[in-house]
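# Any chance you could fold what I've pasted below:
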Amino acid sequence: MSDFIAQRIAAVPPSGIRRFFDIAATMDDVISLGIGEPDFVSPQPVLEAGIRSIQNGETHYTSNSGILELRQTLSEHLERLYGVQYDPETEILITVGVSEALYLALTAVLDPGDEVISPVPSFVSYQPEIIFAGGVPISFHTRLEDQFQITREAVAECITKKTKALLFGYPNNPTGAVMTRERLLDLAGIAERENLLVISDEIYDRLVYGGHKHTCFASLPGMFDRTITLGGFSKDYAMTGWRIGYAAAPAPILAALRKVHQYTIMSTPTIAQYAALAALREAEEDVLKMVEEFDRRRRLIVSGLNEIGLSTFEPKGAFYAFPSITASGMDDETFAQLLLQEEKVAVVPGNAFYADGQFVRCSYATAYEKIDEALERMRRFMLRHG
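Okay, the predicted model is just below:
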């Protein structure tokens, strides 16, 4: 049967995130610091809008691009936050989560053999999606001493005649790093000089802490015409199960994404679109409250991990800590397996995100009290192994 499977698909291993949680699901009393999903229920206005759309019979297809009212409100939202202006009729496409937006972007722009520079550690989907689209992922490791930010020198070393695009996501999953505006301007200079397209995954844009600010890459001088912005509602608005995101790009580029979307999806679920519209209009206070609580949890987990000997870079965004586990004397796979078996705490090995085996990812998108208990269990673990 394997003869029927495309080689490029067969060559990509299954996602490393799910494996440990499939095991954890069979165990009692497990505290998960793994899944990148807010533990909050979607804001009340979002829930009510979804219910209301069903009651009103809004259960039919929408425009391929999504409900115009949603695109108009999203356009206003992005302009208000970042000063970037997208035409809601031709430059915004509503998608089934950012996952679909990423698939559309790569499928629409890559020809076989095109190279895409995508630094690691990164979200698990980036490199596989490049391969699925016929491209070639070219990666390099961002470094702790650079606060896991991309440097222009590292990008420049990867550029060849086949390089077509640069793909990255900040705030970053799994490191929690945030790119400074100065570093982004460095990348903008390279993109312009080398005529590169930039695919910027900004799904965690509102989740930044400690006075740090998110910069929308398309808002940088000269970058609008060469940037595909990916965003969504799953993380900022605790709407993971609604599966709704968007892509924004200059009209000629977005038309190509829309073409793939038309043939693949038709339109994003209508109910989720009305829920997203309510999120933009009515859930700002909920977002700010969630950010405040994530920040409280962030401070707890970072200080706790450092205290037990797991040296941890301070995340500036998203909701992940990325501690070094070198003090344990184990690699990331062994550490995660033993921690789950002995103390029933689930974390994700860093190699799931193409890290070098010295890190694990700990999500603080779970309750403060559970994080506190997980840290106590990890302290016992490190007393035996550290």
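
# hmm, who's touching stretch 249-264?
Stretch 249-264 is contacted by residues 64-65, 87, 90-93, 95, 100-101, 103-105, 107-109, 197, 224-225, 227-229, 247-248 when judged by CB atoms under 8 Å, 6 or more residues apart in numbering. Every residue, glycine included, has its C-beta placed from N, CA and C.

# Narrow these to just the buried residues.
When those are checked for burial by 16 or more other CB atoms under 10 Å, the buried set is 64-65, 90-93, 95, 100-101, 103-105, 107-109, 197, 224, 227-229, 247-248.

# now, which of the residues you listed lie within strands?
The strands, defined by DSSP state E, take in 92-93, 95, 197, 227-229, 247-248 from the buried ones among the contacts of stretch 249-264.

# tell me which residues in stretch 27-40 are buried?
The neighbour-count criterion (16+ other CB under 10 Å) identifies 30-40 as the buried residues of stretch 27-40.

# One more: stretch 173-180?
Residues of stretch 173-180 classed as buried: 173-179 (neighbour count, 16+ other CB under 10 Å).

# cool, stretch 229-242 as well?
By neighbour count with 16+ other CB under 10 Å, stretch 229-242 contains the buried residues 229-240, 242.

# how far does that stretch stretch from start to finish?
Length of stretch 229-242, first residue to last, CA to CA, to the nearest Å: 20 Å.

# tell me the mean pLDDT over it?
Averaging pLDDT along stretch 229-242 gives 98.

# do stretch 194-207 as well
98.

# same thing with stretch 90-108?
Mean per-residue pLDDT for stretch 90-108: 98.

# Give me the contact list for the strand or helix carrying residue 337.
Taking DSSP states H and E as the criterion, residue 337 maps to helix 332-343. For helix 332-343, the external contacting residues (CB under 8 Å, 6+ apart) are 20, 23-24, 27, 30, 325, 328, 330, 345-351, 355, 357-360, 377-378, 380-381, 384-385.

# Of the residues you listed, just the buried ones, ChimeraX syntax please.
Here is the ChimeraX selection string for the buried members of the contacts of helix 332-343, based on 16+ other CB under 10 Å:
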select :20,24,30,325,328,330,345,346,347,348,349,350,351,355,357,358,359,360,378,381,385
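
# Which of the contacts of helix 332-343 fall within strands?
Per DSSP E, the contacts of helix 332-343 map to strands at 345-346, 348-349, 360.

# I appreciate the help and will end here.
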